[in-house]
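1. Coordinates for the following, if possible.
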Amino acid sequence: MSETAAFAGDPNALLAGAARTISETGLLAIVWICFSTATLFVGLRLTFRFRQNRSFLFDDYWIMWAWLCSLTMAILQTEQMHALWYITYLSAGRVAPDLSTTGNLEQLTRWQFPIIKLFWTTLWSVKASFMAVFFRLVKPFPILRRLWYCVAAFTFMAYIGCWLASSLTCSPPSDYFVAGKCDTPHEVWMQKFNVLYSTSVDISSDVMIMALPIAILPSLQLDIRRKIGLGIAFSLGAIIITVASVRMTQVIAGESVDLVGLAIWGAVETSTAVIVGSLPPLKALLSRSVKKYSSKSKSHYGVGGANQGAGAGSGYGPSSVSRTVMVAESIPLDEMHRSNQKDGGIYVQRTYQTTVEFDEASSRDDDEADMVKKGRAL
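-> Below you'll find the model as predicted:
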């Protein structure tokens, strides 16, 4: 009787890692809330881009691919929930090993393998999207263009390295899907190394990618305020770097990897990457909306006399053209006031002023690209 109780498991045993504060339902909610938020931003980005250009650019297709990978990842994370929490309870002692233990272990490893690969593919697809955007900026600069190719090569090799490190965790690699054959001290250390390696190259590549457009700023003939604005726009990847750093500190629990924490922060980082990758076109949409609103407000309050132009103080933006039209109109007089003017009338000259303001939103380039071109032209 005592031996049976010893292997019965303790339902109140303390869980380790993120499982202490997150339940299975909570984890499922986090995964799909993160994906839904990312989907919203991707939808806004693609809608704006298509309305602006009537087509998608190369960087848009990379974001679409990242979204598809994150969708597949969310589905697989949902499918692995039962096995994940069974192993979590088993490790904490809440359940005792039984005939289903081996099956759950193998099922979890089979889910984990594609989930990890989709995680990296999502992140690297967002990097590729940024690289496509920044290539249009650095293309006129020969040195930076060569550096772009070097960064692209490093980023690609880092992605391949993540695949290789994960595939070589177990020795031989075929033991990865066999329960109980990939838990030697060296293989456990390799699991921790994979997290450290993938996070390190993830952060390093993000820093390199951000540095490419930032290196352009000193050569641009722009005021300091615009340079700071461009620097902030080019540094959006810092948000992903911050999340990646937090993820690394949260998923490593001692000498092992917190599987529940890995699932949580994997969903958070992929959604953050997709959201940040969707921001550049949306930022352009926001800034142009503000400009339009400001222009309309000035136009409403800035209407003055008939000689007011379209320049400073006119209430119209710099991308506007003003034209004055003079029209002569004959007003007939009655018999009593008949004059010697032609046709018995007097001529009144009226002046009309028309101002046409061009919409900059029709440009295929984002605001950052426009500012870089203007900065080089000055």
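2. give me the low-pLDDT residue ranges for this structure?
-> For the chain, the stretches flagged by pLDDT under 70 are 1-9, 179-180, 253-255, 283-378.
3. one more time with 50, if that's ok
-> 1-6, 287, 289-319, 356-365 (pLDDT under 50).
4. Now residue 77: closest residue in space, sequence neighbours ignored.
-> Excluding the flanking residues, the one nearest residue 77 by Cβ to Cβ, 6 or more residues apart in numbering is residue 31, at 5.1 Å. Every residue, glycine included, has its C-beta placed from N, CA and C.
5. Repeat that for residue 117.
-> Residue nearest to residue 117 in three dimensions, not counting chain neighbours: residue 163, with 6.8 Å by Cβ to Cβ, 6+ apart.
6. That neighbour touches residue 118, doesn't it?
-> No - when contacts are counted by Cβ atoms under 8 Å, residue 163 is not listed as touching residue 118 (11.7 Å).
7. Find the helix or strand that residue 189 is a member of.
-> helix 185-214 (DSSP states H and E).
8. Could you list every helix and strand in contact with the helix or strand just after that helix?
-> Once the chain leaves helix 185-214, the next helix or strand it forms, by DSSP H and E, is helix 224-234. Using 3 or more Cβ pairs under 8 Å, 6 or more residues apart in numbering; DSSP states H and E, the elements in contact with helix 224-234 are helix 185-214, helix 367-377.
9. how much does the longest one deviate in direction from helix 224-234?
-> If you take axes from the mean of the first three to the mean of the last three Cα atoms, to 10 degrees, helix 185-214 sits at 150 degrees to helix 224-234.
10. got the buried residues for helix 185-214?
-> Neighbour-count burial for helix 185-214, counted by 16 or more other Cβ atoms under 10 Å, picks out 187, 190-192, 194-195, 197-199, 201-203, 205-206, 208-213.
11. How far away from the center of its chain is that helix?
-> Centre-to-centre, helix 185-214 and its host chain are 19 Å apart (Cα atoms, centre = their mean, to the nearest Å).
12. helices or strands next to it in the packing?
-> Against helix 185-214 (3+ Cβ pairs under 8 Å, 6+ apart) you get helix 101-138, helix 142-167, helix 224-234, helix 237-251, strand 252-253, strand 256-257.
13. need these in CSV with mean neighbour count and distance to residue 87, can you?
-> Listed next are those as CSV, based on neighbours: other Cβ atoms under 10 Å; distance: least, Cβ to Cβ, whole Å:
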stretch, mean neighbour count, distance to residue 87
helix 101-138, 21, 6
helix 142-167, 15, 19
helix 224-234, 15, 42
helix 237-251, 17, 15
strand 252-253, 17, 14
strand 256-257, 16, 12
